[in-house]
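Enquirer: build me a model:
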Amino acid sequence: MDWWYFLVDLLPFHWAQPGYMLFFKNALLAILIIGPLFGLLSTMIVNNRMAFFSESLGHGAFTGMVVGSLVGAISPTWGAVAFSIVFAVLVSVVKQKAKLSTDTVIGALSSVSIALGIFLSTVNGGNFSKLNNLLIGDVLSIDPPQILLLGILLLLVLLYWQFKINKLITISLNPSIAISRGIKIFTNETLFSVVIAVVVTVSISWVGLLVINSMLILPAAVARNLAKNMRSFTLISVLVAMITGIFGVVGSYYIGASASSCIVLMQSALFLLSFLHLRRNA
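Expert: Numbers count the residues shown, from 1 in each chain. Have a look, this model is predicted:
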């Protein structure tokens, strides 16, 4: 981390002074990692119309954190990851097998998941207030080992992207063509769901349940209004996630507001501007 502190110390801000506000500098580095993570995943979530599905994974992550905290043998985070993976696979399986519409299945399982999380956290007079941080998130609480975990997760997602992106794009554009080329739609969609579940679960403590889905959708929503091809679509989405992340964290320091809320508001403003740009050039 010393190299990062050295670079930030060169900035002309009072919080960038050497040895000062290390927690804030940690948050900036975390956002630089979370940005590409969310920016990449955002493109396929939007392309595959998985906005509602990604929100349900956030509910699964919340319940997973509750379940993980109740299991003393393992870390709450890894217990939450395990639960979220099971939840993501369950949603994918039920979505494929059930005769109900997709949004009905996802809505039902999402409701059950969030209700289970609240029940487990409040049963026998439990105090729900200790989980409030999961709703809002606090990126300023992140520490170097957790940043390292995010960095490893980013590398794994980039590796996954390298091998699976073409199949995901084909599935999103034309499932019939994907089938004709031997692409297993259910397997690839389930694997992508698991990736989203892991990223959401690991990030939820710092981003917050209430806004994490917005941060998974808005970067690609902005990019779709501006991009002319898939490459620019991905690039713009990642840049939007990173730039708004940096300005959101810095802005939250001066305003005294939640960093996640500032990031989402900036992304929303960019979406509005991109939408107006699209309408003007239509």
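
Enquirer: in this protein, which spans are strands?
Expert: Counting by DSSP state E, the chain has no strands to list.

Enquirer: low-scoring pLDDT stretches of it, where are they?
Expert: 71-76, 98-100, 125-133, 282 (pLDDT under 70).

Enquirer: for it, which helix is longest?
Expert: Ranked by residue count, the top helix of the chain under DSSP state H comes out as helix 144-173.

Enquirer: tell me which other helices or strands that helix touches.
Expert: Judged by 3 or more Cβ pairs under 8 Å, 6 or more residues apart in numbering; DSSP states H and E, helix 144-173 is in contact with helix 22-47, helix 175-180, helix 185-207. Any C-beta I mention is one placed from the backbone N, CA and C, and that applies to glycine too.

Enquirer: could you check the angle helix 185-207 makes with that helix?
Expert: Angle of helix 144-173 versus helix 185-207, following axes from the mean of the first three to the mean of the last three Cα atoms, to 10 degrees, is 150 degrees.

Enquirer: list the buried residues in helix 144-173.
Expert: Going by neighbour count (16 or more other Cβ atoms under 10 Å), the buried part of helix 144-173 is 146-147, 150, 153-154, 157, 160-161, 164, 167-172.

Enquirer: again with stretch 37-57
Expert: 37-48, 50-51, 53-57.

Enquirer: return the distance of that stretch from the chain's centre.
Expert: Offset of stretch 37-57 from its chain centre (Cα atoms, centre = their mean, to the nearest Å): 8 Å.

Enquirer: alpha carbons of that stretch, as PDB, please.
Expert: The C-alpha trace of stretch 37-57 is given here as PDB (Å, rounded to 0.1, in the frame of the first residue of the first chain):
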ATOM      1  CA  LEU A  37     -15.700  -4.600 -11.700                       C
ATOM      2  CA  PHE A  38     -19.100  -2.900 -11.800                       C
ATOM      3  CA  GLY A  39     -18.500  -1.300 -15.200                       C
ATOM      4  CA  LEU A  40     -17.800  -4.700 -16.900                       C
ATOM      5  CA  LEU A  41     -20.600  -6.600 -15.200                       C
ATOM      6  CA  SER A  42     -23.000  -3.700 -15.900                       C
ATOM      7  CA  THR A  43     -22.700  -4.200 -19.700                       C
ATOM      8  CA  MET A  44     -23.900  -7.700 -19.700                       C
ATOM      9  CA  ILE A  45     -26.600  -7.000 -17.000                       C
ATOM     10  CA  VAL A  46     -28.100  -4.400 -19.200                       C
ATOM     11  CA  ASN A  47     -27.600  -6.400 -22.500                       C
ATOM     12  CA  ASN A  48     -29.300  -9.400 -21.000                       C
ATOM     13  CA  ARG A  49     -32.100  -7.400 -19.300                       C
ATOM     14  CA  MET A  50     -31.000  -8.700 -15.900                       C
ATOM     15  CA  ALA A  51     -31.600  -5.500 -13.800                       C
ATOM     16  CA  PHE A  52     -34.300  -7.100 -11.700                       C
ATOM     17  CA  PHE A  53     -32.300 -10.300 -11.400                       C
ATOM     18  CA  SER A  54     -29.200  -8.400 -10.200                       C
ATOM     19  CA  GLU A  55     -31.300  -6.700  -7.500                       C
ATOM     20  CA  SER A  56     -32.500 -10.100  -6.300                       C
ATOM     21  CA  LEU A  57     -28.900 -11.100  -5.900                       C
END
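
Enquirer: which ones are touching residue 265?
Expert: residue 248 (Cβ atoms under 8 Å, 6 or more residues apart in numbering).

Enquirer: now, among the buried residues of helix 144-173, which is nearest to residue 193?
Expert: Nearest to residue 193 out of the buried residues of helix 144-173 is residue 168 (Cβ to Cβ; 11.4 Å).

Enquirer: show me what contacts the residue nearest to that closest one when sequence neighbours are not counted?
Expert: Nearest non-adjacent residue to residue 168, counting by Cβ to Cβ, 6 or more residues apart in numbering: residue 44, 5.2 Å away. Contacts for residue 44 (Cβ under 8 Å, 6+ apart) come out as 50, 168, 172, 192.

Enquirer: ok, residue 251 next?
Expert: Residue 251 touches 262, 266, counting by Cβ under 8 Å, 6+ apart.
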